[in-house]
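Enquirer: fold the following and give me the result.
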Amino acid sequence: MGAGNDAKDGAGLSTLSSTLAVLSLFSAEDPVWTAERIIERLGYTRPTGYRYVRELISAGFLVRVAAGCYALGPRIIALDYQIRQSDPLLKAGLPVIKDVVAASGCEVNLIGLYGDEIVTTHQQHGVEHLPLSFGRGRPLPLFRGAGSKIIVANFTSAKLRRLYAAHAEDARANGMGGDWESFKSNMTTIRRAGVHKFVQHLAAQIA
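Expert: Just a heads-up that it's a prediction; the model follows:
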């Protein structure tokens, strides 16, 4: 059943969710979509799909880049600027990040947990100015990379169990445990250490 099922159109929250689902289609690999492709991918009826596209254009979330073709719009850029100015994690973390970069010369990313996604919110370049794959706005793998592992390891037991149930294969593929008990044990080890072993190694190198 398509996300844009007409039966949902009368419910405000469902309509909002269905409208915003359009934005989730856009990516660096696929930045331009036609209305027809949007409708086909999300299973909307034509009137519903075109209405959602018009509303997103009106709000500045989409722009028309060619006949029948759309890309993300300037409202998203404005919201990103607003987040950069007001994000409490960024405001508190930026001075610390700059000190770490000055002391180490390394690239440093600030990452945060938003729902079930771990997202880079700031990238501070070091001496080599490396083009890191997971710069600002890029969701990180849940079980790969020191930052993600440290955040996940500090989830409550109930949330950790739900996360493992939903992503067990991913956890196994990244060497975090082939079953719930081994996964939980790995997370407990990281949490008790207070830091991932890669960060411990890096700190020793800097010292």
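
Enquirer: every contact and neighbour count from this point should use C-alpha atoms.
Expert: Will do.

Enquirer: so residue 89 belongs to a strand, correct?
Expert: No: applying DSSP: H, G, I helix; E, B strand; the rest coil, one finds residue 89 to be helix, outside a strand.

Enquirer: burial count for it?
Expert: 14 (other CA atoms under 10 Å).

Enquirer: let me see the ranges of the strands in this protein.
Expert: Secondary structure of the chain, counting by DSSP state E: strands at 33-34, 62-66, 69-72, 108-114, 117-124, 139-140.

Enquirer: which helices and strands does the last one pack with?
Expert: Under the contact criterion of 3 or more CA pairs under 8 Å, 6 or more residues apart in numbering; DSSP states H and E, strand 139-140 touches strand 117-124.

Enquirer: got the angle for the strand it packs on vs strand 108-114?
Expert: If you take axes from the mean of the first three to the mean of the last three CA atoms, to 10 degrees, strand 117-124 sits at 150 degrees to strand 108-114.

Enquirer: strand 117-124 pairs with which strands, parallel or anti?
Expert: Strand pairing for strand 117-124, using DSSP bridges, gives strand 108-114 (antiparallel), strand 139-140 (antiparallel).

Enquirer: what does the shortest one rub up against?
Expert: Contacts made with strand 139-140 from outside it, assessed by CA atoms under 8 Å, 6 or more residues apart in numbering, are listed as 117-120, 134, 148.

Enquirer: just the buried members of those?
Expert: 118-120, 134, 148 (16 or more other CA atoms under 10 Å).

Enquirer: turn the residues you listed into JSON lines, including pLDDT and distance to residue 99.
Expert: Putting the buried ones among the contacts of strand 139-140 into JSON lines (pLDDT from 0 to 100; distance: CA to CA, whole Å) gives the following:
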{"residue": "118", "pLDDT": "87", "distance to residue 99": "23"}
{"residue": "119", "pLDDT": "86", "distance to residue 99": "22"}
{"residue": "120", "pLDDT": "85", "distance to residue 99": "19"}
{"residue": "134", "pLDDT": "72", "distance to residue 99": "21"}
{"residue": "148", "pLDDT": "88", "distance to residue 99": "22"}
